[in-house]
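A.B. asks: Structure, please.
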Amino acid sequence: MLTIVLVLRKVLPAVIKTIGIVIIVGLAVSWFALLAAMFYGSPFLDFVLPGRAFFSYLGAFNLFMIIGIPLFSIVLGILRMFFQTRLSKGWRTALGIFWGINIAGFFLSAALVGKEFEFDGAVTKVNTPLDITSDTLEVSMFSKDYDTLFGIDDDHVKLTENEFVFDNIAVSIKRAEGSEFEFIQVNEARGISTQLAQELAENIEFDYRIEGSHLFLPAFLEVTKAEKFRVQEVNVTLLIPEGKFIRIHRDVARHQGEIQKKDTENSVWASDGNVWVMEDEGLVCVDCD
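C.D. replies: Numbering: from 1, shown residues only. Just a heads-up that it's a prediction; the model follows:
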């Protein structure tokens, strides 16, 4: 028993110090990972406050310090516990004050940025019958290739040197009151005032096209630094006359809006080129398995 105690006395301090070193390394990696995330995300800030990016970068720096200083304090605690090192009281006080300054700076920056998104605005951009001679309207999405930064390119968000690209588009399908297919496009945005929000909504580019009976909708919205990102959104409503059909491609699924549907067994957004007929109470799938 005495031998075991003696062995533990020799081995345990080394084990504890190793654990301390591992924790310190882990915290350091976390801090650098946060720094890398902020670096890769920083180009996005240019689209939020173009020409005033200082406040965005200041807020990002404040956030980095708000998280980083407590991590650093944990490291100091580990060093004091395992290695008998201690930061002077003056330095500890200075760190506390600096942390408080960064908290205040972060909330100030957040308030300034938040005001840019305070009001919302909506504009009905298009409200028109579709020139479709067929009884079946076919709907799909299209997109182009982008030269993205840092590999920021997925199904929802893309970032290029001059554009922030995102898929804030919703497609709703409802029954038409008349006998024609109808297309309604409502643009929305936020801004520092209702008027500015409406102007930003008005300026959203959404260049859909029709080829025969096939409606092609853009899969993404594009915002330049001059236009500013203000949560721009396009809401498309397709009105289908009773007794007529709509063929929905799979790429429309992630843009689901409000669907008027009678069929309870099949999902419109699981549709992969399936045809749906509009009945009095909503859509019913014609060729779903």
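A.B. asks: show me what contacts the closest residue to residue 246 other than its chain neighbours?
C.D. replies: Nearest non-adjacent residue to residue 246, counting by CB to CB, 6 or more residues apart in numbering: residue 137, 4.9 Å away. To be clear about C-beta, it is placed using only N, CA and C from the backbone, and glycine gets the same treatment. Contacts here follow CB atoms under 8 Å, 6 or more residues apart in numbering; on that basis residue 137 touches 130, 181, 213, 215, 238, 240, 244-247.
A.B. asks: how about 10 Å then?
C.D. replies: By CB atoms under 10 Å, 6 or more residues apart in numbering, the contact set of residue 137 is 130, 173, 181, 183, 210, 213-215, 238, 240-241, 244-248, 278.
A.B. asks: Ok, residue 173 next?
C.D. replies: By CB under 10 Å, 6+ apart, the neighbours of residue 173 are 137, 139, 236-240, 246, 248, 252, 256-261, 268, 276, 278, 282-283.
A.B. asks: Name whatever forms a beta bridge with it.
C.D. replies: residue 238, residue 259 (DSSP bridges).
A.B. asks: returning to that earlier point: now the residue nearest to residue 246: which helix or strand?
C.D. replies: Assigned by DSSP states H and E, residue 137 belongs to strand 136-142.
A.B. asks: same thing with residue 63?
C.D. replies: helix 53-83.
A.B. asks: Please report how far residue 279 lies from residue 203.
C.D. replies: The spacing between residue 279 and residue 203, counted by CB to CB, to the nearest Å, is 39 Å.
A.B. asks: same deal with residue 276?
C.D. replies: 34 Å.
A.B. asks: got it, and residue 195?
C.D. replies: For residue 195, the distance to residue 203 - CB to CB - is 13 Å.
A.B. asks: Could you do residue 147 as well?
C.D. replies: Taking CB to CB, one finds residue 147 at 23 Å from residue 203.
A.B. asks: Likewise for residue 274?
C.D. replies: 36 Å.
A.B. asks: So which of those two has more stuff around it?
C.D. replies: residue 274 (19 against 13; other CB atoms under 10 Å).
A.B. asks: Which residues does that one form beta bridges with?
C.D. replies: Here residue 274, judged by DSSP bridges, has bridge partners residue 248.
A.B. asks: For the stretch 151-289 of the chain, give me the ranges with low pLDDT.
C.D. replies: Within the stretch 151-289 of the chain, the stretches with pLDDT under 70 are 151-153.
A.B. asks: What residues of stretch 259-270 count as buried?
C.D. replies: Buried residues in stretch 259-270, counted by 16 or more other CB atoms under 10 Å: 259-261, 263, 266, 268.
A.B. asks: out of these, who's nearest residue 18?
C.D. replies: Taking CB to CB as the measure, residue 18 lies nearest residue 268 of the buried residues of stretch 259-270, at 57.6 Å.
A.B. asks: Identify the spatial nearest neighbour of the closest one, chain neighbours not counted.
C.D. replies: Nearest non-adjacent residue to residue 268 (CB to CB, 6+ apart): residue 259, at 5.1 Å.
A.B. asks: Name all residues that make contact with that neighbour.
C.D. replies: 171-174, 248, 267-269, 276, 282-283.
A.B. asks: what about the residue nearest to residue 246, distance to residue 249?
C.D. replies: Residue 137 is 12 Å from residue 249, by CB to CB.
A.B. asks: Can you work out which residues contact both of those two?
C.D. replies: residue 214.
A.B. asks: The contacts of residue 137 in strands, which ones?
C.D. replies: 173, 183, 210, 214-215, 238, 240, 245-248, 278 (DSSP state E).
A.B. asks: Export those residues to CSV and append columns for distance to residue 94.
C.D. replies: Shown next, in CSV, are the ones in strands among the contacts of residue 137 (distance: CB to CB, whole Å):
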residue, distance to residue 94
173, 61
183, 62
210, 66
214, 66
215, 63
238, 62
240, 67
245, 71
246, 66
247, 67
248, 62
278, 69
